[in-house]
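Peer 1: Okay, structure incoming, though there's no sequence with it:
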């Protein structure tokens, strides 16, 4: 019994992070008694793995559940079902104290550099907060670590005693990154870290993230709605639609050989700064459906240019359409029954 | 380009100032450009470059105070809009010049149905009965691609999705058949697939209504897709102005070139590092005396530090550029 309980809580594999059938439902309440009348299926059975030092790019439109997935992995929102393993240890269902210990290893970078830094704290206080919380190092070691982090993210040490309002969006995002790096995490969720920034600054921050990944060997879940940004930082790309992953493959394969009709449409809808490319765009009809009332069968079928009869009835299974050693997962009836 | 067609809007030396606690900030500083009838012009730049303030100035919607149009002319069909009285200006807004905004939820009134709001606009500018206006509004909603317009017209803004709301805004803006539409980041709040739908809609309506469009955006990709000309702004002034082919293929201003380079694009060979424009936009309160891009520019020389370059004429199919050391094609 002991062994069974133990094996349930651990996984040994080469992946740093393993997510299995993760679900996060939000109840919809109505009426006088606030009874639960429906569920918003923000994340509806997502599995993925991230190896040490690798980056998964998670792409999808607003409301597809990508941020909720990131937060559910970090246990910032308690998942409804499913398991998450970090370095072999299951973190779903951990006690508060155990979870706090694990949080040293997993951090987050937020989208909005204006809302995610306390206006009343100095840069030094903000960056050393994780060190204080986790009681890492002596006060002088913490001070040293903060200066070191500033250098890593490309900020001058003179700014230590200044406040967030004195900085531009790009600089604030660097402060947020330094804070996430402070406890030397193994895994970071970067939730749209550059979408609030202007292009010229965006590329500076993207280069910084790519550098960190290379030099520090941190695994990233990089969430973005922008496929072009995702390409620059990711080893693997996962495309999400209405709470589910519809396609997952290496960054090279997904851009060169997209398989799911949704991925194809997403890729072709990106405006390209080249006036000669007068587009061969696939324009999808309609809007993303509400996750409270997902369509039957394949969630994409009402907008899909290739929809067939069975798409509205049966949810498509996930199949591997890649070559040997190059998995390329697609959930689409077009590929159902075809073995790679 | 739009040679031969008449000039619809002509902005000369526009200066807009904002009073702040730290002093007066010149958000727009000497902007001049023309818009020809029926053309689509992109007004591009990063946040804080003055593109939105320029757009708002055309309709005299700059919040005052703290803002103030300090100098310049904005001639619309030969008439200086800055000289009109409030009533005359009201007649032009929404009727001959319309504007749509980035966030349609804040631009629509949440307590009225969209039909109510559209009928108001129509009846304000045209002699129409309520019933006629309603029919016209339904027709317009149909044109912008709203399914079941006769039903949707009685819904409230919160019942519509973001893309739908933006379509309603477009329908409202176009209901009086304006000659000029100013679209301020109309697709920035939308997802890529919805953005593609809305951009397509704007292009086809622009052709149908023969109106000119000023598309204000930070997204050079959007400009390349829909505009015939682009005006690039940096720090309150125009740095480059020209047809999109030369502008995107042989940008002459180092800022335009840097901006184009730093956009992450999908490519077959992944770059190790994205090219960047080093440094950041100068503080509007402490502007340098010379070229405002000089401290981030690899081509800057002594003259760039000392004096401010003026926008040249851009003869011979080249773009007009405000730079002492433009990137020359021959080199």
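Peer 2: Sure, I can see it. Keep in mind the model is a prediction, meaning the values are calculated, not measured.
Peer 1: ok, and what's touching the longest helix seen in chain A?
Peer 2: Assignment by DSSP state H gives helix A:199-216 as the longest helix of chain A. Contacts to helix A:199-216, defined as Cβ atoms under 8 Å, 6 or more residues apart in numbering or on different chains, come from residues A:53, A:55, A:152-154, A:168-170, A:173-174, A:177, A:181, A:190, A:193-194, A:197, A:218, A:220, A:222, A:229, A:232-233, B:46, B:218, B:220, B:258-259, B:262-264, B:272-277, B:280. From N, CA and C alone the C-beta is placed, and that goes for glycine too.
Peer 1: just stretch A:92-109 next, same as before
Peer 2: The contact list for stretch A:92-109 (Cβ under 8 Å, 6+ apart) reads A:70-71, A:73-76, A:79, A:82-84, A:86-87, A:89, A:91, A:130, A:134, A:136, A:173, A:176-177, A:179-181, A:183-191, A:193.
Peer 1: Just the mean pLDDT for that stretch, thanks.
Peer 2: Average pLDDT, stretch A:92-109: 92.
Peer 1: swap in stretch B:27-46?
Peer 2: 94.
Peer 1: Between the two ends of it, what distance do you get?
Peer 2: Length of stretch B:27-46, first residue to last, Cα to Cα, to the nearest Å: 13 Å.
Peer 1: what pLDDT does residue B:289 get?
Peer 2: Per-residue pLDDT puts residue B:289 at 89.
Peer 1: List, one by one, the residues from the stretch 51-200 of chain B near chain A.
Peer 2: Contact residues (Cβ under 8 Å from any Cβ of the partner chain) of the stretch 51-200 of chain B with chain A: B:161-164, B:191-197, B:199-200.
Peer 1: at 7 Å what do you get?
Peer 2: B:161, B:163, B:191-197, B:200 (Cβ under 7 Å from any Cβ of the partner chain).
Peer 1: Give me the number of neighbouring residues for the residue nearest to residue A:131 when sequence neighbours are not counted.
Peer 2: Using Cβ to Cβ, 6 or more residues apart in numbering or on different chains and skipping the chain neighbours, the partner closest in space to residue A:131 is residue A:142 (4.6 Å). When counting by other Cβ atoms under 10 Å in any protein chain shown, one arrives at 18 neighbours for residue A:142.
Peer 1: my read is residue A:142 is in a strand, agree?
Peer 2: No: counting by DSSP: H, G, I helix; E, B strand; the rest coil, residue A:142 falls outside a strand, being helix.
Peer 1: related to what we said a few turns ago, mind listing the strands the helix or strand just after the longest helix of chain A pairs with, and their directions?
Peer 2: Using DSSP states H and E, the helix or strand that follows helix A:199-216 towards the C-terminus is strand A:219-224. Strand A:219-224 has the following sheet partners, assigned by DSSP bridges: strand A:55-59 (parallel), strand A:187-191 (parallel).
Peer 1: I'd like the average pLDDT over strand A:219-224.
Peer 2: Strand A:219-224 comes out at a mean pLDDT of 95.
Peer 1: next one: stretch A:318-326
Peer 2: Averaging pLDDT along stretch A:318-326 yields 88.
Peer 1: quick one: contacts of stretch A:240-255?
Peer 2: A:41-46, A:48, A:57-60, A:64-66, A:231, A:234-239, A:259-260, A:262-263, A:288-289, A:291, A:294, A:299-300, A:322, A:326-332, B:266 (Cβ atoms under 7 Å, 6 or more residues apart in numbering or on different chains).
Peer 1: Now, of the residues you listed, which are buried?
Peer 2: Neighbour-count burial (16 or more other Cβ atoms under 10 Å in any protein chain shown) is assigned, among the contacts of stretch A:240-255, to A:41-46, A:48, A:57-60, A:64-66, A:231, A:234-239, A:259-260, A:262-263, A:288-289, A:291, A:294, A:299-300, A:322, A:328-332, B:266.
Peer 1: Now, the residues you listed that are in helices?
Peer 2: A:66, A:231, A:262-263.
Peer 1: Mind putting these into CSV with distance to residue B:88 and pLDDT?
Peer 2: Listed next are these as CSV, based on distance: Cβ to Cβ, whole Å; pLDDT from 0 to 100:
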residue, distance to residue B:88, pLDDT
A:66, 50, 91
A:231, 52, 89
A:262, 50, 94
A:263, 52, 94
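Peer 1: one step back: quick check: which of the strands paired with strand A:219-224 is buried the most?
Peer 2: When these are scored by mean count of other Cβ atoms under 10 Å in any protein chain shown, the highest mean neighbour count falls to strand A:55-59 (a mean of 26).
Peer 1: in the chain, what spans have low per-residue confidence?
Peer 2: Using chain A. A:1-13, A:278-280, A:337-340 (pLDDT under 70).
Peer 1: wait, I meant chain B there
Peer 2: For chain B, the ranges with pLDDT under 70 are B:1-4, B:268-272, B:329-331.
Peer 1: Once you drop chain neighbours, what's closest to the residue of it found nearest chain A?
Peer 2: Nearest residue of chain B to chain A: residue B:221, at 3.2 Å (Cβ to the nearest Cβ). Spatially, and ignoring its direct neighbours in sequence, residue B:221 is nearest to residue A:271 (3.2 Å; Cβ to Cβ, 6+ apart).
Peer 1: Tell me which helix or strand that neighbour sits in.
Peer 2: Per DSSP H and E, residue A:271 falls between elements, in no helix or strand.
Peer 1: Might one say that it is in contact with residue B:218?
Peer 2: No: Residue A:271 lies out of contact with residue B:218 (Cβ atoms under 7 Å); the separation is 11.7 Å.
Peer 1: More neighbours: which of the two?
Peer 2: Legend: neighbour count by other Cβ under 10 Å for residue A:271 and residue B:218, higher for residue A:271 (22 against 17).
Peer 1: got the contact list for that one?
Peer 2: B:219, B:221-222, B:224-225.
Peer 1: so residue A:333 sits right up against residue A:311, yeah?
Peer 2: Yes: using Cβ under 7 Å, residue A:333 makes contact with residue A:311 at a distance of 5.4 Å.
Peer 1: what sits in contact with each of those two?
Peer 2: residue A:298.
Peer 1: what number of residues lie near residue 202?
Peer 2: Chain wasn't specified; assuming chain A. 25.
Peer 1: Can you look at chain B instead?
Peer 2: Around residue B:202 there are 23 residues (other Cβ under 10 Å).
Peer 1: So what does it have for phi and psi?
Peer 2: Dihedral pair for residue B:202: phi -60, psi -40, per degrees, to the nearest 10.
Peer 1: check contacts around it.
Peer 2: Neighbours of residue B:202 in contact, by Cβ under 7 Å, 6+ apart: B:170, B:183, B:186, B:213, B:226.
Peer 1: burial of the nearest residue to residue A:306 once chain neighbours are set aside, as a residue count?
Peer 2: Nearest residue to residue A:306, sequence neighbours excluded (Cβ to Cβ, 6+ apart): residue A:261, at 4.9 Å. Using other Cβ under 10 Å, residue A:261 has 23 other residues around it.
Peer 1: Residue A:261 and residue A:305 touch, don't they?
Peer 2: Yes: with contact defined as Cβ under 7 Å, residue A:261 reaches residue A:305; the gap is 6.1 Å.
Peer 1: How far does stretch A:125-142 sit from its chain's centre?
Peer 2: 26 Å (Cα atoms, centre = their mean, to the nearest Å).
Peer 1: Just the buried positions in it, please.
Peer 2: Residues of stretch A:125-142 classed as buried by neighbour count (16+ other Cβ under 10 Å): A:126-128, A:130-131, A:136, A:142.
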